[in-house]
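> got a structure for you, letters missing:
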């Protein structure tokens, strides 16, 4: 009897590890493992799926980043484009001009000079979505055109002032009197052109004049602009752009009174409107002598 008990205990002792092994194997097999035996190579391989099942953090999904908005397309150059430009401002009429432009949902470009009494209006022009560009600090021909150095001293004086007021440095310029003025010598003008090109400063003249410095009749100003714009895009080869010269001074009331009708009639003639930074033809009267 004693012998039988010893035999049974021995059998039990041998079976327990085997049973424990079977239970462990069954439990282990039901759990995901980072290792699996490849049935072909008979080696253990790491499974990406297993790592996820084990709770290893997966790479975070990339957030949906909206694409950069495309640059607004230039106006269709198969239709005529009018660039309304106002020289010599700001003035007491600047805000009224901005109101008229807003009423008609068009933008214009203001070539400004240094007028401390209207310092608040530079930013008003800029904040309205219209374009602001440089037209000299002093507007004194003999002073500006005395030499290349004098020209750029005046240029940077205005550029720095506008930068302090609106926080943007401007690189578009219109010569007082245009590049066709008779005050500046050809030698000095050529020196200026060389430096403008080197500094990538764009200068713009005009191909349509309202003649509002000499004409005080609003109807004549309207006729000058509308007729001139139509003739320009008809006559000039490969140019569908009318660069229109107007003024914004304290004497410019006739031009202000003409502005709404100018816009209305040009729209009726099929013109769209833009600012000079989008012009493909800068209407330059004179250029660098190559």
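Structure's in. What do you need? Given the structure is predicted, the values throughout are model-derived calculations rather than measurements.
> What's the first helix or strand after the helix or strand where residue 189 lies?
Assessed by DSSP states H and E, residue 189 sits inside helix 186-198. Note on helix 186-198: by DSSP H and E, the next helix or strand toward the C-terminus is strand 202-203.
> Need the contact partners of that following strand.
Outside of strand 202-203, the residues within contact range by C-beta atoms under 8 Å, 6 or more residues apart in numbering are 171-175, 179, 196, 282, 284. C-beta: built from backbone N, CA, C; applies to glycine.
> follow-up on the earlier one: got the buried residues for the helix holding residue 189?
Residues of helix 186-198 classed as buried: 188-189, 191-193, 196 (neighbour count, 16 or more other C-beta atoms under 10 Å).
> One more: stretch 143-158?
Those would be 144-146, 148, 150-152, 154-155, 158, for stretch 143-158 by 16+ other C-beta under 10 Å.
> What does the pLDDT read for residue 289?
Residue-level confidence at residue 289 comes out at 73, pLDDT.
> what does the average pLDDT come to for the helix holding residue 189?
95.
> Could you tell me how far it lies from the centre of the chain?
28 Å (C-alpha atoms, centre = their mean, to the nearest Å).
> Output the contacting helices and strands for it.
helix 148-166 (3 or more C-beta pairs under 8 Å, 6 or more residues apart in numbering; DSSP states H and E).
> Just name the closest of the buried residues of stretch 143-158 to residue 109, please.
For the buried residues of stretch 143-158, the minimum distance to residue 109 (C-beta to C-beta) is 15.4 Å, reached by residue 158.
> Quick check: the closest one vs residue 173, distance?
Remark: distance between residue 158 and residue 173 (C-beta to C-beta, to the nearest Å) = 9 Å.
> Residue 207 too?
With C-beta to C-beta as the criterion, residue 207 and residue 173 are 17 Å apart.
> out of those two, which sits in the busier spot?
With neighbours defined as other C-beta atoms under 10 Å, residue 207 and residue 173 compare such that residue 207 has more, 23 against 19.
> The residue nearest to the more buried one when sequence neighbours are not counted: what's it in contact with?
With sequence-adjacent residues excluded and distances taken as C-beta to C-beta, 6 or more residues apart in numbering, residue 207 is closest to residue 283, at 4.3 Å. Counting by C-beta under 8 Å, 6+ apart, residue 283 touches 204-207, 241, 243.
> Could you single out the nearest of those to residue 233?
residue 241 (7.2 Å).
> can you pull the contacts of residue 132?
Residues near residue 132 by C-beta under 8 Å, 6+ apart: 109-110, 112, 122, 125-126, 162, 166, 170.
> Find the pair from those residues with maximum spatial separation.
Taking C-beta to C-beta, no two of the contacts of residue 132 sit farther apart than 109 and 166, at 14.5 Å.
> Which strand residues bridge residue 86?
With DSSP bridges as the criterion, residue 86 is bridged to residue 110, residue 246.
> wait, doesn't it sit right on residue 110?
Yes. Counting by C-beta atoms under 8 Å, residue 110 is a contact partner of residue 86 at 5.0 Å.
> Name the residue in the two with the higher neighbour count.
Shown here are residue 86 and residue 110; by other C-beta under 10 Å, residue 86 has more neighbours (30 against 26).
> State the distance from the more buried one to residue 251.
Distance of residue 86 to residue 251, computed by C-beta to C-beta: 13 Å.
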